[in-house]
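*Asks:* sequence below, structure please.
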Amino acid sequence: MWILATATLALTASCGANETILRSGKDVRPPINSDPVASSIEKDIDDMQTADFAIVLVLRRRDGSQIDADDRSVIRQQTDQVNRRVSSDSGRAVVIGSNFPLLPEKYAELRDRFDIENFSKPYAVISATPIK
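*Replies:* Residues are numbered from 1 along each chain as shown. Down below sits the predicted model:
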């Protein structure tokens, strides 16, 4: 009896699941040679540059908070001539792409309210004098 119990115990213990086989094909680590994933803001800036916009600006609130409805309204009013506006960085930034310079008073309004990062082409004129 004792031999039968020992044999049954040994057989049961050795028939457990093989962890190597269970984990095969489920390796969630990225491949060593994979490209790093760009953050949302980097991707949005790159998309604007790929679209060949001369002017690429990133607007952020000075307090670092999310862009709220009032901020979006001001941005829409002051950038009515731009080609594209994209909310980015989990709502903490707006990326603007344009081939048209902003009027000085509109740019000044944005500069007074937001921190502006400039990713424009070197020759781009961001703010232009209005034509009368």
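*Asks:* now name the helix or strand holding F53.
*Replies:* Using DSSP states H and E, F53 sits within no helix or strand.
*Asks:* quick one, what contacts it?
*Replies:* Residues in contact with F53 (CB atoms under 8 Å, 6 or more residues apart in numbering) are N83, R84, G97, S98, N99. All C-beta atoms are positioned from the backbone trio N, CA, C, and that covers glycine.
*Asks:* do the same with N83
*Replies:* Per CB under 8 Å, 6+ apart, neighbours of N83: A51, F53, G97, S98, N99, F100.
*Asks:* my guess is the first one meets V95, correct?
*Replies:* No - in terms of CB atoms under 8 Å, A51 does not count as a neighbour of V95; the distance is 11.0 Å.
*Asks:* same for the helix or strand where R60 lies, what does it pack against?
*Replies:* Using DSSP H and E, R60 falls within strand 55-61. Applying 3 or more CB pairs under 8 Å, 6 or more residues apart in numbering; DSSP states H and E, one finds that strand 55-61 contacts helix 40-50, strand 93-98, strand 114-118.
*Asks:* with mean pLDDT added, can I get these in a markdown table?
*Replies:* Converted to a markdown table, these look like this (pLDDT from 0 to 100):
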| stretch | mean pLDDT |
| --- | --- |
| helix 40-50 | 95 |
| strand 93-98 | 97 |
| strand 114-118 | 97 |
